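K.L.:
take this sequence and fold it.
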Amino acid sequence: MSQGFLPEGAGDPAVEKRENLLIPCQQCGTWIRLQEHQAGKTGRCPKCQSPFIVPPLVRKKSPDGSRAGESDGGSEQQGSVRLFGVVRDVRLHDVDPARLKLIPGSLAAAFREVDLLMTEDGLEILVLVKKSFLGVTGRKKKIVRQQVEEHLQSDQPLDELPVAERISVENDRLIEIALVQPALNEHNSMFAGIPVFGEHRIAVRLPEPTEQGHRRFLSFGLTAFREIVSYLREQIGADDYAADWGVPITDELSEDRCYFTRDDVRAIPDPLYHRADPELNVVVVGYRCGACGIVLSEKARDREKFGGKGGKALAKAICPKCRRPFGNNPLYGVLTSAGDDEAADADRESAEDLRRMEDDIASALAKYRESIAAEETPGELPPAGDD
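P.N.:
Residues are numbered from 1 along each chain as shown. Prediction:
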């Protein structure tokens, strides 16, 4: 049976010797023929242009659980788990396609909070506590998390975790985790490109449906999604996994200088996912003139009272450079910890002092050259006297 990206017969040594692989596109279902040497590489569907990763060929496990061709000299003890990290309070959505409403945010409140264990053998999705009519309290989750931590530290099997429900995605099926929001191709999207999980949340589809035939999805804020992508890149062996999904995996800040102070102003070019993430403290770091493009840092704008208190009159304020309406075009950055902010302020002050020193030296040199030039200029000769 074909399983998403896995070729039919994966794990069978006879099948692994084939030169060609057939995998279906996760977006439109088109079957794509590939070569074995392309395993682990990325490509695009020839029909819908959705990106995909060719899965590595899976070796069949021997009865003792080890992979074919592997020795057991370096294997871990039974029940031990190598844990790469934990992502907490991710949203798990069980969706009945027959009752799905294609309107923005229709699934935003229909979820259970789960913790994700990123292990060497795959992804473990843990529903810590069953949801009752009274809801799930933070105290209950804290108790269960402590029990899970003790369970893992004592090298007990994952099958015996003290949780309400456990969903496993083994390594050979991680490649089947498919992005559904934002949609790579709206025409072939299950949700027609509509943000049903909430504006600027990232959602992926899990490989296995529920016993009732419902589809399972995980939705994330930007911070949690970046952690999962880092883990999947390591497990799948593809450094460019999710690079073209339309979600900023890393931040490449724009760099400008404040027109008033010449201080550096670093901003997030496209902050929509950052602003929607409750784990990030996104603040206004400056403003850009809509006419000429100069930048004012928020600190300098506030000090100069440009645009009034709080910048409420920025839209009609006159730009100090082009003398046209400045406009209200904020620039955003992420506020880090207090220690990092203090270090950054110190670096900025040092850089500002250095620039002032360089300006003073340049000014002194200019004055010195002017004085030398004045001394070398010959004066007028006195008028000739009478013989």
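
K.L.:
helix or strand next in line after the longest strand seen in the chain, which one?
P.N.:
If you go by DSSP state E, the chain has its longest strand at strand 83-95. Counting by DSSP states H and E, the next helix or strand C-terminal to strand 83-95 is strand 112-119.

K.L.:
what angle do that next one and strand 83-95 make?
P.N.:
Here strand 112-119 runs at an angle of 150 degrees relative to strand 83-95 (axes from the mean of the first three to the mean of the last three C-alpha atoms, to 10 degrees).

K.L.:
quick check: what element follows strand 112-119 along the chain?
P.N.:
Strand 112-119 is succeeded, C-terminally, by strand 122-127 (DSSP H and E).

K.L.:
show me which residues of stretch 147-157 are buried.
P.N.:
Val148, His151, Leu152 (16 or more other C-beta atoms under 10 Å). Using the backbone N, CA and C atoms, a C-beta is placed for each residue, glycine as well.

K.L.:
would you verify that Glu227 is located in a strand?
P.N.:
No. Applying DSSP: H, G, I helix; E, B strand; the rest coil, one finds Glu227 to be helix, outside a strand.

K.L.:
ignoring the adjacent residues along the chain, who's closest to it?
P.N.:
Nearest residue to Glu227 in three dimensions, chain neighbours excluded: Val87, at 5.2 Å (C-beta to C-beta, 6 or more residues apart in numbering).

K.L.:
so that neighbour touches Phe225, yeah?
P.N.:
No. Taking contacts as C-beta atoms under 8 Å, Val87 lies outside contact range of Phe225: 9.1 Å.

K.L.:
looking at these two, which one has more neighbours?
P.N.:
Neighbour comparison, Val87 and Phe225: the larger count goes to Phe225, with 26 against 20 (by other C-beta atoms under 10 Å).

K.L.:
mind jotting down where the helices sit in the stretch 101-250 of the chain?
P.N.:
Using DSSP state H, counting those that start in this stretch, the helices of the stretch 101-250 of the chain run over 138-153, 222-236.

K.L.:
quick one, which of those is packed in tightest?
P.N.:
Mean neighbour count (mean count of other C-beta atoms under 10 Å) peaks for helix 222-236 among the helices of the stretch 101-250 of the chain, with a mean of 19.

K.L.:
next helix or strand past that helix?
P.N.:
Per DSSP H and E, the first helix or strand lying C-terminal to helix 222-236 is strand 254-257.

K.L.:
adjacent strands (with direction) for that following strand?
P.N.:
strand 264-267 (antiparallel) (DSSP bridges).

K.L.:
domains in the chain, as residue ranges please.
P.N.:
Annotated domains of the chain cover 1-59, 80-247, 254-334, 345-369 [automatic domain parsing].

K.L.:
mean pLDDT added to those, as TSV?
P.N.:
Putting the domains of the chain into TSV (pLDDT from 0 to 100) gives the following:
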stretch	mean pLDDT
domain 1-59	57
domain 80-247	89
domain 254-334	94
domain 345-369	61
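
K.L.:
quick one: Asp232 from Leu34, how far?
P.N.:
Actually, residue 232 is Leu. It isn't Asp. Leu232 sits 20 Å away from Leu34, taking C-beta to C-beta, to the nearest Å as the criterion.

K.L.:
just the buried residues of stretch 147-157 now: which is nearest Arg324?
P.N.:
Using C-beta to C-beta, Val148 comes nearest to Arg324 of the buried residues of stretch 147-157, at 59.7 Å.

K.L.:
can you tell me the closest non-neighbouring residue to the closest one?
P.N.:
Closest to Val148 by C-beta to C-beta, 6+ apart is Leu161, at 6.0 Å.

K.L.:
residues near the one you found, how many?
P.N.:
Leu161 has 20 nearby residues by other C-beta under 10 Å.

K.L.:
mind saving the C-alpha coords of stretch 128-148 as PDB?
P.N.:
Backbone C-alpha positions of stretch 128-148 (Å, rounded to 0.1, in the frame of the first residue of the first chain) are rendered in PDB as follows:
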ATOM      1  CA  LEU A 128      -1.900  15.200  28.500                       C
ATOM      2  CA  VAL A 129      -5.400  15.300  30.000                       C
ATOM      3  CA  LYS A 130      -8.800  14.500  28.700                       C
ATOM      4  CA  LYS A 131     -11.000  17.500  28.200                       C
ATOM      5  CA  SER A 132     -14.100  17.700  30.400                       C
ATOM      6  CA  PHE A 133     -17.000  20.100  30.600                       C
ATOM      7  CA  LEU A 134     -14.900  22.000  33.200                       C
ATOM      8  CA  GLY A 135     -12.100  22.300  30.800                       C
ATOM      9  CA  VAL A 136      -8.400  21.500  31.300                       C
ATOM     10  CA  THR A 137      -6.700  23.300  34.100                       C
ATOM     11  CA  GLY A 138      -3.000  24.400  34.000                       C
ATOM     12  CA  ARG A 139      -2.400  22.600  37.300                       C
ATOM     13  CA  LYS A 140      -3.500  19.200  35.900                       C
ATOM     14  CA  LYS A 141      -1.200  19.600  32.900                       C
ATOM     15  CA  LYS A 142       1.700  20.600  35.100                       C
ATOM     16  CA  ILE A 143       1.200  17.400  37.200                       C
ATOM     17  CA  VAL A 144       1.100  15.200  34.100                       C
ATOM     18  CA  ARG A 145       4.100  16.900  32.500                       C
ATOM     19  CA  GLN A 146       6.000  16.100  35.700                       C
ATOM     20  CA  GLN A 147       4.900  12.500  35.500                       C
ATOM     21  CA  VAL A 148       6.000  12.300  31.800                       C
END
